[in-house]
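**Student:** this is a predicted model, with the sequence first.
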Amino acid sequence: VQLQASGGGLVQAGGSLRLSCTASELTVGSYRMGWFRQAPGKEREFVASITWDSISTNYADSVKGRFTISRDNAKNMVYLQMNSLKPEDTAIYYCGANPTYSGGSYKYWGQGTQVTVSS
């Protein structure tokens, strides 16, 4: 199973990026999907998650109101729309797949995509 994150890049503060995550050998629609990020010298942290039916989403306080997670199960895709980006959003962003509706652990991970926000 392989998750593939893409869409990262270099953007100025206040700008926007849209990250995408797809999977091979995994039906995204069967998993709660999440985005995490890891900045240099820091531990990986939770950013956002969405249940398989899109009914429930959760966000880290630091991104609430700026980031939006969504999914298209028909396309086997998950997205993270990031607006009003700040330099502190700079990190490698990873998507993950969790087989439980709530709680549990993320079982599968992608290789990450770099997001760099310049001031």
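**Tutor:** Yep, that arrived. Numbering: from 1, shown residues only.
**Student:** now do residue 19 against residue 100, distance only.
**Tutor:** Separation of residue 19 from residue 100 (C-beta to C-beta, to the nearest Å) stands at 23 Å. C-beta here means a position set from N, CA and C on the backbone, and glycine is covered the same way.
**Student:** which one of these two has more residues nearby?
**Tutor:** residue 19 (24 against 12; other C-beta atoms under 10 Å).
**Student:** what pairs with the host helix or strand of the more buried one, parallel or antiparallel?
**Tutor:** Here residue 19 is covered by strand 17-24, with elements defined by DSSP states H and E. With DSSP bridges as the test, strand 17-24 is paired with strand 2-6 (antiparallel), strand 77-82 (antiparallel).
**Student:** which SSE is immediately downstream of that strand?
**Tutor:** Counting by DSSP H and E, what follows strand 17-24 is strand 32-38.
**Student:** for that following strand, buried residues please.
**Tutor:** If you call a residue buried by 16 or more other C-beta atoms under 10 Å, then strand 32-38 has these buried ones: 32-37.
**Student:** so it versus strand 77-82, what angle?
**Tutor:** Put simply, strand 32-38 runs at 40 degrees to strand 77-82, going by axes from the mean of the first three to the mean of the last three C-alpha atoms, to 10 degrees.
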